[in-house]
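>>> sequence first, predicted model second:
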Amino acid sequence: MKITFSLIKADVGGWPGHANVHPDLIKIAEGELSKAKKSGLLIDFHVTHCGDDLELIMTHNKGENNEKIHELAWNTFKKATERAKELKLYGAGQDLLSDAFSGNVKGMGPGVAEMEFTERKGEPVIAFMMDKTEPGAFNLPIFRAFADPFNTAGLVIDPSMHSGFIFEIWDIHEHKSVKMKIPEEIYDVLALIGAKSRFVIKRVYPKEGGKLPVDEPVAAISTEKLYQIAGKYIGKDDPVALVRAQSGLPALGEVLNPYAFPHLVSGWMRGSHNGPIMPVGVKNAICTRFDGPPRVIALGFQLSNGKLVGPVDLFDDPGFDLARRKALEIADYMRQHGPFEPHRLPLEDMEYTTLPKVMEKIKDRFKELKD
Ligand code: F6R
Ligand code: MG
Ligand code: MG
């Protein structure tokens with residue numbers, strides 16, 4: 001049985017500031033998706049939030065990029081926006097960049113991770129959601145789960161995944177994509193995805209000869225760049241990802257283990273700072289300190305004919321306490337740099353800048369260097 005797993009998210013108003021999502025918005029989304037489930041459009045759903053992002057987790061059998069599913073998400077965000085406006089939530093409707101839906105939410109503001117696949121006998125799926133960072137923040141943990149034998153023992157000792165995986169990598173500046181083989185092209189892959197603001201892992205596929213169909217993704221990551229879509233800064237493109245696990249794929253614990261290292265990501269305050277990504281349970285997915293530090297949550301489900309058996313709040317676990325403590329220490333360390341790089345992003349990556357105005361003001365005072 002083919003199932004489509006869709007995770008579509010948008011920031012339609014923060015509470016307060018950019019910290020959290022108001023419970024009314026969650027209720028509205030649950031109401032809309034519950035109607036869609038009754039009508040048979042959805043098989044199942046779960047609504048949650050990460051920081052100020054409203055997250056719609058949905059299963060159905062309509063395939064990826066389905067107009068009806070995307071329209072449902074769009075209308076749900078619209079309805080939540082109406083309430084956000086009544087409550088004067090912060091930045092109400094900020095990620096809805098268009099007035100009218102035109103067939104697909106891609107390019108209209110919301111972030112999307114979707115994959116269609118044949119549900120296995122046992123099908124664990126993890127929905128990852130990040131706030132106050134960008135799509136490239138998933139490069140390191142996805143790479144480590146599917147390509148790093150020091151993280152994923154199965155790459156070395158499980159015959160069903162020993163041959164590796166295929167990474168589909170997007171160049172989000174040039175709007176091009178390439179499929180590359182792991183482990184054959186591992187150094188070339190790293191040459192690209194280490195530059196995470198430009199090259200992002202979009203999907204991971206199994207290889208020929210394994211247990212899984214080669215044309216069905218085993219991981220998918222949202223790659224929307226809000227500030228590129230809108231042409232101006234209107235908020236961070238906080239990413240989401242879906243990862244299938246076990247039985248020829250990295251085990252659940254191998255998919256989660258990379259988050260025990262709170263790596264540095266771009267985003268945080270004003271989308272203009274580097275900081276550690278902190279794995280937290282949903283109750284702690286609230287961006288407070290300097291609008292952060294950036295957070296990641298992970299909800300685990302078993303699929304049963306498309307029904308979502310779960311969620312299990314996977315980072316709400318003492319196993320990640322040390323990562324959280326380390327993230328806070330790194331946050332302190334980075335914060336002490338104030339406006340200096342590398343805490344502040346390099347000029348070309350900042351999403352707020354006063355530099356053109358400052359330069360204009362003092363341009364006549366600049367003198368040619370004589371020596
Ligand atoms: C980052 C983010 C926040 C805001 C910051 C300033 O993605 O959304 O850090 O950039 O709170 O917001 P404004 O300019 O709306 O006051
Ligand atoms: Mg916001
Ligand atoms: Mg957000």
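It's in. The model shown is predicted, which means the values in this text are computed figures rather than measured ones. Ligands and ions are numbered 1, 2, ... in the order given.

>>> V282 contacts G51, doesn't it?
No. Counting by CB atoms under 8 Å, V282 stays clear of G51, with 10.6 Å between them. All C-beta spots, glycine's among them, are computed from the backbone N, C-alpha and C.

>>> neighbour-wise, which of those two wins?
More crowded of V282 and G51, by other CB atoms under 10 Å: G51, with 27 against 19.

>>> list the buried residues of the longest helix that the chain contains.
The residue-count maximum for a helix in the chain (DSSP state H) belongs to helix 67-86. Buried residues in helix 67-86, counting neighbours by 16 or more other CB atoms under 10 Å, are found at 69-74, 76-81, 83-84.

>>> closest one of those to ligand 1?
A84 (14.3 Å; CB to the nearest ligand atom).

>>> contacts only, for the closest residue to that closest one other than its chain neighbours.
The shortest distance from A84 to any non-neighbouring residue, by CB to CB, 6 or more residues apart in numbering, is to G13 (3.0 Å). The contact partners of G13, taken as CB atoms under 8 Å, 6 or more residues apart in numbering, are 21-22, 25, 52, 80-81, 84-85, 87, 89-94.

>>> pairing partners for the next helix or strand after the longest helix of the chain, with directions?
Following helix 67-86 in sequence order, the next helix or strand is strand 111-118 (DSSP states H and E). According to DSSP bridges, strand 111-118 forms sheet pairs with strand 2-10 (antiparallel).

>>> and this protein, which residues reach ligand 1?
G17, H18, K132, G235, K236, G267, M269, R270, G271, D291 (CB under 6 Å from any ligand atom).

>>> how many other residues sit next to the third one?
What that stands for is K132. Neighbours of K132 under the rule other CB under 10 Å: 30.

>>> pretty sure it sits against D291.
Yes. In terms of CB under 8 Å, K132 counts as a neighbour of D291; the distance is 6.1 Å.

>>> list residues touching both of these two?
Common contacts of K132 and D291 (CB under 8 Å, 6+ apart): H18, W268.

>>> give me the residue from the stretch 151-300 of the chain nearest ligand 3.
Nearest to ligand 3, among the residues of the stretch 151-300 of the chain, is D238, at 4.1 Å (CB to the ion).

>>> where in the stretch 51-200 of the chain is pLDDT low?
Judged against pLDDT under 70, the stretch 51-200 of the chain has no low-scoring part.

>>> re the thing from before, convert the C-alpha atoms of the longest helix of the chain to PDB, please.
Taking Å, rounded to 0.1, in the frame of the first residue of the first chain, the C-alpha atoms of helix 67-86 are listed here in PDB:
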ATOM      1  CA  GLU A  67      -3.400  20.000  -5.200                       C
ATOM      2  CA  LYS A  68      -6.200  19.000  -2.700                       C
ATOM      3  CA  ILE A  69      -3.700  18.300   0.100                       C
ATOM      4  CA  HIS A  70      -1.800  21.500  -0.500                       C
ATOM      5  CA  GLU A  71      -5.000  23.500  -0.700                       C
ATOM      6  CA  LEU A  72      -6.100  22.000   2.600                       C
ATOM      7  CA  ALA A  73      -2.900  23.100   4.200                       C
ATOM      8  CA  TRP A  74      -3.200  26.600   2.600                       C
ATOM      9  CA  ASN A  75      -6.800  27.000   3.800                       C
ATOM     10  CA  THR A  76      -5.900  25.800   7.300                       C
ATOM     11  CA  PHE A  77      -3.100  28.400   7.500                       C
ATOM     12  CA  LYS A  78      -5.500  31.000   6.200                       C
ATOM     13  CA  LYS A  79      -8.000  30.200   8.800                       C
ATOM     14  CA  ALA A  80      -5.400  30.200  11.600                       C
ATOM     15  CA  THR A  81      -4.200  33.600  10.300                       C
ATOM     16  CA  GLU A  82      -7.700  35.000  10.700                       C
ATOM     17  CA  ARG A  83      -7.600  34.100  14.400                       C
ATOM     18  CA  ALA A  84      -4.000  35.300  14.700                       C
ATOM     19  CA  LYS A  85      -5.100  38.600  13.400                       C
ATOM     20  CA  GLU A  86      -8.000  38.800  15.900                       C
END
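
>>> same for it, what does it pack against?
If contacts are counted by 3 or more CB pairs under 8 Å, 6 or more residues apart in numbering; DSSP states H and E, helix 67-86 sits against strand 2-10, helix 23-38, strand 53-60.

>>> out of these, deepest packed?
Most buried of the helices and strands packed on helix 67-86, by mean neighbour count (mean count of other CB atoms under 10 Å): strand 53-60, with a mean of 26.

>>> and it, anywhere near ligand 2?
No. Contact of strand 53-60 with ligand 2 is not found when judged by CB under 5 Å from the ion; the minimum separation is 7.6 Å.
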